[in-house]
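*Asks:* model the following, please.
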Amino acid sequence: WQHFASGTLSMEHQRAFGVPRLRFTLLAGISTQQLQRRSAGDIDAPLQFVSRSAEARLDYSIGKLEARLSARAARIDERTLASVIARVQRRF
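*Replies:* Numbers count the residues shown, from 1 in each chain. Okay, the predicted model is just below:
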């Protein structure tokens with residue numbers, strides 16, 4: 001018998017902080033098992049295993065201009081990694 005669990009949770013607010021067109025998104029995920037492990041000698045196993053992750057995003061759009069600020073923390077192969085990313089783009 002193999003026991004494993006996984007799940008995801010997402011929440012989105014279309015008018016964050018009362019600001020029109022400012023969207024807040026929260027994503028979280030968890031997984032308890034990786035079927036194959038490279039450390040156990042299986043060379044065909046996935047390179048990375050994400051066991052827990054959380055991401056928060058703020059998206060804002062004005063006409064053709066879109067801005068995003070996101071922060072993410074994840075537990076990958078028994079290491080904790082974090083990132084903050086800002087992006088601004090204009091659509092033509």
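*Asks:* mind listing what's buried in the lowest-mean-pLDDT helix or strand in the chain?
*Replies:* The helix or strand with the lowest mean pLDDT-type score in the chain, counting by mean pLDDT, DSSP states H and E, is strand 50-62 (a mean of 90). For strand 50-62, the neighbour count (16 or more other CB atoms under 10 Å) marks 51, 53-55, 57-60 as buried. All C-beta atoms are positioned from the backbone trio N, CA, C, and that covers glycine.
*Asks:* stretch 12-26 too?
*Replies:* For stretch 12-26, the neighbour count (16+ other CB under 10 Å) marks 22-25 as buried.
*Asks:* next, the distance between the ends of that stretch.
*Replies:* 6 Å (CA to CA, to the nearest Å).
*Asks:* identify the residues contacting it?
*Replies:* 9-11, 54-62 (CB atoms under 8 Å, 6 or more residues apart in numbering).
*Asks:* beta partners for the residue nearest the centre of the chain?
*Replies:* Against the mean C-alpha coordinate of the chain, by CA atoms, centre = their mean, the closest residue is Glu55 at 4.3 Å. Beta-bridge partners recorded for Glu55 (DSSP bridges): Leu27, Arg72.
*Asks:* my guess is it contacts Ala71. True?
*Replies:* Yes: applying CB atoms under 8 Å, one finds Glu55 in contact with Ala71, separated by 7.0 Å.
*Asks:* how far off centre is the helix or strand hosting Met11?
*Replies:* Met11 is part of strand 6-13 when elements are defined by DSSP states H and E. Computed by CA atoms, centre = their mean, to the nearest Å, the separation of strand 6-13 from the middle of its chain amounts to 10 Å.
*Asks:* pairing partners for that strand, with directions?
*Replies:* Here, using DSSP bridges, strand 6-13 pairs with strand 22-31 (antiparallel).
*Asks:* and the angle for the partner strand with strand 50-62?
*Replies:* 170 degrees (axes from the mean of the first three to the mean of the last three CA atoms, to 10 degrees).
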